[in-house]
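# Pasting a predicted model and its sequence here:
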Amino acid sequence: MDETRKNNILNILFSVLLFGGLWGVVEATLGSLLHMPFMNALGIFGTSTAVMLPIAYFLMGACYKRSGTFRSVLYMGILAASIKALACAIFHMSFNPVFYMLIEALMMAGALLVIRPKNVVSFNGLATVIIANTAYLLASTFIRVNVMNVTASELADNMIHYVLTLNCLTILYTLVAGSVIYGLLKLSEVKNWSFDSVKKIVYSPITASIVAASAVVLTLAIH
């Protein structure tokens, strides 16, 4: 194996560990918080799907940009879903979240393959999220609703709720978060802030391994 190929493989590996681990950490912490009873007061605006999907898409986009290949998004989804599956198996919980995470990664990888955005925070990046999210919510709705045993009106209600209302809310959250990140990036350019030393730490193999291990520990501790 030549040096260039070895470096590419290692770059993909540690990108997957870092961003897949971060996805697992966020799912275990923020995801658990969003499922608390008091969050019901926020209604659809505080639903786990609307809040967690933009974060997952951003992490997958960052993994794609860091690794340079859309395949890393699939590996990242497999890693995050495997961590969740471990907790589901140990604590005898439903495996539905595992399947949904895999579908998210599959749809995002497909959207990245079509759009191929140069930057995560960009109009092409937003277009990628819109395609991935619409496809994901459409697929998950058919999984959630047994189309063989549901009336046409019930199916239509679910489509309106998930594919239209929840989709628009998720995209709105993505747009707002992306605008904030874009503004901060532009501010850093104007102020000539350098984050090279921080990037070296964040993207180091040690950090990636620690984050992935933390995702496993937190997922098992917070179930």
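Here it is on my side, so go on.

# now the residue nearest to the spatial centre of the chain, what's its secondary structure?
The residue lying closest to the centre of the chain (C-alpha atoms, centre = their mean) is residue 56, at 1.5 Å. Secondary structure assignment for residue 56 (DSSP: H, G, I helix; E, B strand; the rest coil): helix.

# surely it meets residue 25?
No - using C-beta atoms under 8 Å, residue 56 is not in contact with residue 25; the gap is 11.9 Å. C-beta: built from backbone N, CA, C; applies to glycine.

# quick one: average confidence on the host helix or strand of residue 33?
For residue 33, the host element (DSSP states H and E) is helix 3-34. Computed over helix 3-34, the mean pLDDT rounds to 93.

# Against residue 196, how distant is residue 143?
Distance from residue 143 to residue 196, counting by C-beta to C-beta, to the nearest Å: 44 Å.

# Comparing those two, which residue is more hemmed in?
Neighbour count, other C-beta atoms under 10 Å: between residue 143 and residue 196, residue 143 has more, with 12 against 6.

# Would you enumerate the residues in contact with the more buried one?
99-100, 103 (C-beta atoms under 8 Å, 6 or more residues apart in numbering).

# Let's see that with 6 Å instead.
Applying C-beta atoms under 6 Å, 6 or more residues apart in numbering to residue 143 gives no contacts.

# mind checking the backbone torsions on it?
phi -70, psi -40 (degrees, to the nearest 10).

# Against residue 59, how distant is it?
Noted for residue 143: a distance of 23 Å to residue 59, by C-beta to C-beta.

# do the same with residue 180
16 Å.

# And these two? Which one has more around it.
The neighbour count for residue 180 versus residue 59, taken as other C-beta under 10 Å, is higher for residue 59 (22 against 11).

# Next, count neighbours for the closest residue to the more buried one other than its chain neighbours.
Nearest residue to residue 59 in three dimensions, chain neighbours excluded: residue 19, at 4.7 Å (C-beta to C-beta, 6 or more residues apart in numbering). By other C-beta under 10 Å, 30 other residues sit near residue 19.

# ok, residue 19 to residue 161 distance?
From residue 19 over to residue 161 (counting by C-beta to C-beta), the distance is 30 Å.

# With residue 56 instead?
For residue 56 relative to residue 161 (C-beta to C-beta), the value is 20 Å.

# Any regions of this protein where pLDDT drops low?
Along the chain, segments meeting pLDDT under 70 span 1, 147.

# mind running it again at 90?
Applying pLDDT under 90 to the chain flags the ranges 1-7, 32, 34-49, 141-156, 158, 189, 191, 193-196, 222-223.

# Quick one: the helices in it, in order.
Taking DSSP state H as the criterion, the chain contains helices spanning 3-34, 48-67, 71-90, 96-115, 123-144, 152-159, 167-191, 196-202, 205-221.

# excluding its backbone neighbours, what's nearest residue 124?
Leaving aside its sequence neighbours, residue 124 sits nearest to residue 117 (C-beta to C-beta, 6+ apart; 3.7 Å).

# One more: residue 40?
residue 46 (7.8 Å).

# For burial, what's the neighbour tally of residue 134?
The burial count for residue 134: 17, using other C-beta under 10 Å.

# let me redo that: residue 172
For residue 172, the neighbour count with other C-beta under 10 Å is 13.
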